[in-house]
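Chemist: Next one to model:
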Amino acid sequence: MDRAASEAGASTSRIEHIVWALEDCLEGFVASARVELDAAKAKGSADGIRHAEAKKMLMLRAALKQQWVGDRGLLDFLERDEAKLKPLAMLEDVACAGVKV
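Modeler: Numbering: from 1, shown residues only. Okay, here's the model as predicted:
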């Protein structure tokens, strides 16, 4: 997230770059959930399929930008000074590096 914030140019806001980074992370979570669902289907595990399908649907809902882009709390957080964005850097390093959700 720090990288996304630092790459913001004159025509693109820092927050817009951060939103793009969040979208990338969430899309990765959706892809991971789809892989998990495919694996559960290949095993034929009814419980595994139900769990993976629920996870996929949750990730799809989370990835809908309408769900979070207008959230005032998130916008307030993103508008704070650069030093307070360090937790977002951890999110990018951990969550977007292929760590299972």
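Chemist: Buried ones in stretch 54-61, by neighbour count?
Modeler: By neighbour count on 16 or more other C-beta atoms under 10 Å, the buried set for stretch 54-61 is Lys55, Lys56, Met59. For the C-beta atoms, the positions are set from N, CA and C on the backbone; glycine is no exception.
Chemist: which of those lies closest to Arg80?
Modeler: Met59 (27.0 Å; C-beta to C-beta).
Chemist: who touches the closest one in this structure?
Modeler: Leu26, Phe29, Val30, Ser32, Ala33, Val101 (C-beta atoms under 8 Å, 6 or more residues apart in numbering).
Chemist: go with 6 Å
Modeler: Phe29, Val30, Ala33 (C-beta atoms under 6 Å, 6 or more residues apart in numbering).
Chemist: Kindly report the same for Ala62.
Modeler: So, once contact is read as C-beta under 6 Å, 6+ apart, Ala62 ends up touching Leu26.
Chemist: 10 Å instead, please
Modeler: Leu22, Cys25, Leu26, Phe29, Val30, Trp68, Val101 (C-beta atoms under 10 Å, 6 or more residues apart in numbering).
Chemist: of the buried residues of stretch 54-61, closest to His17?
Modeler: Met59 (22.3 Å).
Chemist: Following the chain onward from the strand or helix carrying the closest one, which element is next?
Modeler: Element membership for Met59 (DSSP states H and E) is helix 46-63. The first helix or strand that comes after helix 46-63 along the chain, using DSSP H and E, is helix 65-68.
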